[in-house]
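# Need the 3D shape of this:
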Amino acid sequence: MPRLFTALEIPRDAALSLSLLRGGLPGARWIDVENYHLTLRFIGDVEGHVADEIADALDRVRRPSFPLTLSGVGQFGGRKPHSIWAGVKVSPDLAALQAEIERICQRLGLPADPRKFTPHVTLARLKNASPDAVARYLAMRGNFAAMPFKVGRFVLMSSKESVGGGPYIIEEAWPLGAADGHAAGPAAGKADALGSMR
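Below is the predicted model:
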């Protein structure tokens, strides 16, 4: 059973900007550029019928498209850093979309995510990277900022358990539209896509 999560895709231009942050940190295993994404809600390993229920509920999300800007870099793990990430400028639209997806997941019986939502794009997983080297890396790249991009949809992704994350597969996508909701329905083939995961 694949692991499921909802996410935003990172468009090519922004991904290329992120790729310039690669390198210069011993002990870092850099994420492949095509696997960059911003996780909205980790769902985990669920049965097929639960995946269908989640997809059906997400189909009812009506949110506007919005601009997003990647900005800054940081690390998770404190004194034992385990990952490097690029941050996101504050976005009320992003926060509202994530909060709605969280409510949907909880209504369907999934436990609340214990972690506070911290929007980010993981750039590298760290193994035995020294805190001093991580601090130097972050200091040299702290002024990172990419050009804003428009978020036009959110997706349900799956991943197989692997070293370093990925490859990720888009199982379903839902458009974000004008202020009155989205203009078009989701892509056809949801049942087929989710059916292939069972």
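# Give me the residue ranges of the protein where confidence is low.
Within the chain, the ranges that satisfy pLDDT under 70 run 1-2, 161-166, 178-198.
# Apply 90 and report the result again.
Low-confidence segments of the chain (pLDDT under 90): 1-3, 46-48, 113-115, 128, 142, 159-168, 177-198.
# any chance you could map the helices in it?
12-19, 48-58, 92-107, 131-141, 190-195 (DSSP state H).
# do you know how far E47 is from G109?
Counting by C-beta to C-beta, to the nearest Å, the gap from E47 to G109 is 12 Å. Bear in mind the C-beta positions are built from the backbone N, C-alpha and C, glycine included.
# D13: how many residues sit nearby?
11 (other C-beta atoms under 10 Å).
# how close does K89 get to V134?
23 Å.
# Looking at the two, which is more packed in?
Remark: of K89 and V134, V134 carries more neighbours, 25 against 15, as counted by other C-beta under 10 Å.
# residues contacting that one?
By C-beta atoms under 8 Å, 6 or more residues apart in numbering, the contact list for V134 reads 25, 75, 81, 84, 126.
# The fourth one contacts V73, correct?
In other words, I84. Yes: I84 is in contact with V73 according to C-beta atoms under 8 Å; the separation is 6.6 Å.
# Could you tell me which residues touch both of these two?
With contacts taken as C-beta under 8 Å, 6+ apart, I84 and V73 have 21, 123, 138 as neighbours in common.
# quick one: which of those has the most company?
For these, neighbours tallied by other C-beta under 10 Å; top is L123, 24 neighbours.
# ok, so what distance separates the residue nearest to that one when sequence neighbours are not counted from A95?
Closest residue in space to L123, ignoring its immediate chain neighbours: I84 at 4.8 Å, by C-beta to C-beta, 6 or more residues apart in numbering. Distance of I84 to A95, given as C-beta to C-beta: 23 Å.
# Could you check which of these two is surrounded by more residues?
Neighbour comparison, I84 and A95: the larger count goes to I84, with 27 against 12 (by other C-beta under 10 Å).
# residue contacts, the more buried one?
Applying C-beta under 8 Å, 6+ apart, the residues near I84 are 21, 25, 28, 73-75, 122-124, 126, 134, 137-138.
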